[in-house]
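> Give the three-dimensional model of this entry:
(one chain, ligands or ions: 1)
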Amino acid sequence: VNRSVANFVTAPPIPDFKNRSRNVQPLTGKSFDLTQAVPSYATFAKIKAELAKDLLEGRVDFYTEVPGLLELREKLCEKHPLLQKSDANRTLITAGANHAMMTALMCLLNAGDTVLLPEPFYFNYEMALPMLGLKGVFFQLDAHKGMQLNARDLVAFLETSARETKALVLITPNNPSGACYSPQEIHELLTWTSPRGIEVIVDETYLRFDPNHLAEPKLRSYLGKGLTLVGSFSKSFSLTGYRVGYLVLSPEQFTQALKIQDTMVICPSHIGQRAAIHGLEHCESDVQFQANRMAKLAQQLQTRLAALKHFQLVSQGAFFAYLKHPFSTMDAETAAITLYRETGILGLPGTTFGKSQQSFIRLSISNLDENQLKEAMDQLVDYDQRVKGARS
Ligand SMILES: Cc1ncc(COP(=O)(O)O)c(C=O)c1O
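Sure, this is the predicted structure:
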């Protein structure tokens, strides 16, 4: 393993790109930051009220058990579409989903192993691979098919071009495309990967915004037998600052993961864990309200962007919209900067999510409320009508 990570892993791309866009002034005088996925709503008031009591009564001062509070693990499992209360004994609470993924990769793979990421990918997972001495192989998703996952195509790729693959990382609902994979496709994939000892790690960070996508009872029998879950409380309860997520493994893998957890963080943030407990206990209806609101936003976006003639909405979902820009000679970064200057909409260049993504821009639409989104999309449609230099 090359230990000097700084030499071969790119800088954190969001602050890097925002720095580069800093001296560009939108012509409209107004900007919409759709770069990083941050909920448009603050941590729910009920969580804060309960946390205030926890703080004053000294309930969050000390370490918790290494895997996290049993109460949290049990509550999480009880409310999860695939898990049961008894799965608490193989559920690890982590400092967010990124930490859960690093732990999963360390637990399930050996240095030198190959991991497949569908492209466009979530950049932090591509960055994780060389840090752990892992190799990446990339499977191009098809923009014409809305960046959907097709198990048959993926298996054909594994059989012909990526035979050395030991694990796949899938994200559904997806970042960056917003696409929600069909649970039947995931199941079909598992029927091929699991008997071959290939791990499928599913990142379900945006699960609560589309819980039906894992509602396939047949998936349960693969848990810990080729299917690993990585999740987060960051987005649903708006707890990005509290750093709390989870990882569901087999009981044997869980025992291994405790060693990593103890070495890396000892335990996840105690106050973060209490925040997640209060969220699960008191905020189901708030999450549902936000999920419905965001589904409506996505609908509103789709309707409004049907008017586009040059830009094209490729896919959209729980949190994100993926746009194809019309400038055939422009790289993704220049296109994203141009869009920002002309409309005030700051999205991330597609190349943040893979070298092949020059034609795309990702918009984190759920950063906005309804009125802001309408205003931003009006700007986009207006610009689309006067765009020059577009491919035909
Ligand atoms: C797909 C995906 N996984 C993981 C994360 C990180 O989440 P957390 O805040 O739980 O570390 C994000 C955050 O944007 C994400 O989009």
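> CA atoms for contacts and neighbours, from now on please.
Will do.
> what about Phe157, is that helix, strand or coil?
Of the three states, Phe157 takes helix according to DSSP: H, G, I helix; E, B strand; the rest coil.
> what's around it, how many residues?
Phe157 is flanked by 15 other residues according to other C-alpha atoms under 10 Å.
> what's the offset of the helix or strand containing Val287 from the middle of its chain?
If you go by DSSP states H and E, Val287 is part of helix 284-305. Distance, stretch centre to chain centre, for helix 284-305: 17 Å (C-alpha atoms, centre = their mean, to the nearest Å).
> in that helix, what's buried?
The neighbour-count check on helix 284-305 (16 or more other C-alpha atoms under 10 Å) flags Val287, Gln290, Ala291, Arg293, Met294, Ala295, Leu297, Ala298, Leu301, Gln302, Leu305 as buried.
> Kindly report the same for stretch 249-257.
Leu249, Ser250, Gln253, Phe254, Thr255, Gln256, Ala257.
> Might you calculate how far that stretch sits from the centre of the chain?
23 Å.
> Pull the residues that contact it.
89-92, 103-104, 107-108, 223-225, 227-229, 248 (C-alpha atoms under 8 Å, 6 or more residues apart in numbering).
> Report the rounded mean pLDDT for it.
When pLDDT is averaged over stretch 249-257, the result is 97.
> Put the alpha carbons of it into CSV.
Output in CSV follows, covering the C-alpha atoms of stretch 249-257 (Å, rounded to 0.1, in the frame of the first residue of the first chain):
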residue,chain,number,x,y,z
LEU,A,249,-22.7,-6.9,8.5
SER,A,250,-22.7,-10.6,9.3
PRO,A,251,-22.1,-11.5,13.0
GLU,A,252,-18.6,-12.6,12.2
GLN,A,253,-17.8,-9.5,10.2
PHE,A,254,-19.3,-7.4,13.0
THR,A,255,-16.7,-8.9,15.4
GLN,A,256,-14.0,-7.9,13.1
ALA,A,257,-15.5,-4.4,12.6
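> from here on, count from 170
OK, 170 is where the count begins now, so the last one is stretch 418-426.
> Contact residues of the stretch 220-369 of the chain facing the ligand?
Gly265, Ala266, Asn267, Ile340, Asn344 (C-alpha under 6 Å from any ligand atom).
> mind checking how far the residue of the chain most remote from its centre is from Gly410?
Relative to the C-alpha centroid of the chain, counting by C-alpha atoms, centre = their mean, Glu226 is the outermost residue, at 34.8 Å. Glu226 sits 22 Å away from Gly410, going by C-alpha to C-alpha, to the nearest Å.
> try Glu368
Applying C-alpha to C-alpha to Glu368 and Gly410 gives a distance of 30 Å.
> ok, those two, which is more surrounded?
Glu368 (24 against 10).
> picking that back up, could you point out which element follows the helix holding Val456?
Downstream of helix 453-474 (by DSSP H and E), the next one is strand 481-485.
> So, low pLDDT: which residues of the stretch 420-561 of the chain?
558-561 (pLDDT under 70).
> and the residue of it found nearest the ligand, what are its phi and psi?
Ranked by C-alpha to the nearest ligand atom, the top residue of the stretch 420-561 of the chain for proximity to the ligand is Phe488, at 8.8 Å. Phe488 adopts backbone torsions of phi -130, psi -20, taken as degrees, to the nearest 10.
> Name the nearest residue to it, sequence neighbours excluded.
Once flanking residues are discounted, Phe488 sits nearest to Ser535: 5.1 Å by C-alpha to C-alpha, 6 or more residues apart in numbering.
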